[in-house]
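J.: Next one to model:
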Amino acid sequence: MAVREIREFNRFYTNLIGALDYSRHLHTPFTLTEARVLYELAHAPRTDAADLRVELSLDAGHLSRMLAKFEERQLVTRGPSEQDARRQRIELTTHGRQAASLLEERSEEAVGSLVDRIRPQDRPRLSEAMRTVREILRDNTVSGNSGGDGPAPATGGEPSGSRVVLRGARPGDLGWSIERNAEVYATEFGWNEEYEALVAQIVADFAAHRDPERDEVWIAELDGQRAGCVFCVRDKEPDTARLRLLLVDPAARGHGIGKLLVDECIAFARSAGYTDLVLWTNDILAGARTIYQRAGFELVAEQRHHSFGRELVGQDWHLAL
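T.: Predicted coordinates:
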């Protein structure tokens, strides 16, 4: 029964919004897939082609041809990644940003036109129903339970049978989070032992001063193996929580684990009564930044600094809960 209803709803809604005839629907020269790529680039202006392919579950050849077409039309520029010359960095040009902005504007207008045809007294009921669908599907097919051991399917184009679980920390997990953070950032960005020392201090403070009602850590497992972590701790500002040490093991990327961890941290912060959630990161961490942007975080400050043996640009992000 549920399978039939979901499939019927999908067909109905897809036809309703005109996704099967996207270019005509929004009066643009872009297909639905092309529009999705432009949208992703607009919300993550410095990203790698490999990350884009995984995020949108696109065939590598299809994406490569599409990006070549975009480059010919001067919508994007392509070049070697600053972090790994074997990877290809993609950025929107000014013309590309204008095209993405126009798509966003017309999408808003199209949905607004749809809402205008709905009776005002029915709009709150519609919003609540859509929110309920989203929450039920997210809670049962995407997010793991805080501190629980029940598996939840992964997202993001994972291999068949792969399972992601979010759980609370067990003995050895805090030490693993220090070791893996140090190894990953040394390998991918050349950060030195200063970063490992910082991570060790953050974890030690968490262990020594944790309030179970206000502080939490989650470990992500992929097929029973540790694959990521994130911490939520009290900040020095009143009613403010801080997201710290988000990590997804390189071998486990492409399964939506980063999003699961951030979503779980946000949900915990809200349930704990915090009014604000903040974090500090660096601009070279493009993958994490994309996750934060999609979760609703806003960039509030940037500052150049020399840390971990590198010249970096630190960023402060904020989310009102």
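J.: For residue 115, give its distance to residue 36.
T.: 22 Å (CB to CB, to the nearest Å). All C-beta atoms are positioned from the backbone trio N, CA, C, and that covers glycine.
J.: Looking at these two, which one has more neighbours?
T.: residue 36 (17 against 12; other CB atoms under 10 Å).
J.: Test my guess that the more buried one contacts residue 57.
T.: No. Counting by CB atoms under 8 Å, residue 57 is not a contact partner of residue 36; they are 10.3 Å apart.
J.: all helices of the stretch 201-321 of the chain, in order?
T.: 257-271, 286-295 (DSSP state H, counting those that start in this stretch).
J.: helices or strands up against the first one?
T.: Helix 257-271 makes packing contacts with strand 163-167, strand 216-222, strand 225-234, strand 240-248, strand 276-282, helix 286-295 when contacts are defined by 3 or more CB pairs under 8 Å, 6 or more residues apart in numbering; DSSP states H and E.
J.: Just the buried residues of it, please?
T.: Buried residues in helix 257-271, counted by 16 or more other CB atoms under 10 Å: 257-269.
J.: Reformat the helices of the stretch 201-321 of the chain into CSV and put mean pLDDT next to each item.
T.: As requested, those are exported to CSV (pLDDT from 0 to 100):
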stretch, mean pLDDT
helix 257-271, 93
helix 286-295, 90
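J.: Could you dump those into JSON lines and include distance to residue 306?
T.: Below are the helices of the stretch 201-321 of the chain laid out as JSON lines (distance: least, CB to CB, whole Å):
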{"stretch": "helix 257-271", "distance to residue 306": "27"}
{"stretch": "helix 286-295", "distance to residue 306": "20"}
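J.: Show me which helix or strand of the chain is least confident by mean pLDDT.
T.: Least confident helix or strand, the chain: strand 152-153 with a mean of 32, by mean pLDDT, DSSP states H and E.
J.: circling back: nearest to residue 197, out of the helices of the stretch 201-321 of the chain?
T.: Smallest distance to residue 197 across the helices of the stretch 201-321 of the chain (CB to CB): 20.6 Å, for helix 286-295.
J.: So which residues make contact with that closest one?
T.: 40, 43-44, 46-48, 51, 55, 246, 248, 253, 258-259, 262-263, 266, 279, 281, 283, 315, 317, 319 (CB atoms under 8 Å, 6 or more residues apart in numbering).
J.: okay, and for the stretch 1-150 of the chain, where does confidence drop off?
T.: 1-2, 11, 13-28, 44-46, 82-86, 135, 138-150 (pLDDT under 70).
J.: In it, what residue spans correspond to strands?
T.: Using DSSP state E, counting those that start in this stretch, the strands of the stretch 1-150 of the chain run over residues 47-48, 76-80, 88-92.
J.: of all those strands, which lies closest to residue 202?
T.: The nearest among the strands of the stretch 1-150 of the chain, by CB to CB, is strand 47-48 at 27.1 Å.
J.: and that closest one, what other elements does it pack with?
T.: Against strand 47-48 (3+ CB pairs under 8 Å, 6+ apart) you get strand 88-92, helix 286-295.
J.: Tabulate those (CSV), appending mean neighbour count.
T.: Converted to CSV, those look like this (neighbours: other CB atoms under 10 Å):
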stretch, mean neighbour count
strand 88-92, 20
helix 286-295, 18
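J.: Distance to residue 70 for the ones you listed - can I get that in a markdown table?
T.: A markdown table is the format used below for those (distance: least, CB to CB, whole Å):
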| stretch | distance to residue 70 |
| --- | --- |
| strand 88-92 | 9 |
| helix 286-295 | 18 |
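J.: Select, out of the ones you listed, the one closest to residue 172.
T.: helix 286-295 (24.5 Å).
J.: Now do the closest one against helix 257-271: the angle between them, please.
T.: If you take axes from the mean of the first three to the mean of the last three CA atoms, to 10 degrees, helix 286-295 sits at 40 degrees to helix 257-271.
J.: Work out the gap between helix 286-295 and the centre of the chain.
T.: 5 Å (CA atoms, centre = their mean, to the nearest Å).
J.: returning to that earlier point: residue 106 is nearest to which of the helices of the stretch 201-321 of the chain?
T.: Taking the helices of the stretch 201-321 of the chain one by one with CB to CB, helix 286-295 is closest: 20.7 Å.
J.: what's the domain layout of the chain?
T.: 2-117, 144-320 (automatic domain parsing).
J.: Tell me which of these is the most buried.
T.: domain 144-320 (a mean of 17; mean count of other CB atoms under 10 Å).
J.: list the contacts for residue 196?
T.: Contacts of residue 196 by CB under 8 Å, 6+ apart are 178, 181, 182, 186.
J.: Could you dump these into TSV with distance to residue 205, pLDDT and secondary structure added?
T.: Below are the contacts of residue 196 laid out as TSV (distance: CB to CB, whole Å; pLDDT from 0 to 100; DSSP: H, G, I helix; E, B strand; the rest coil):
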residue	distance to residue 205	pLDDT	secondary structure
178	12	97	helix
181	15	95	helix
182	17	95	helix
186	22	93	helix
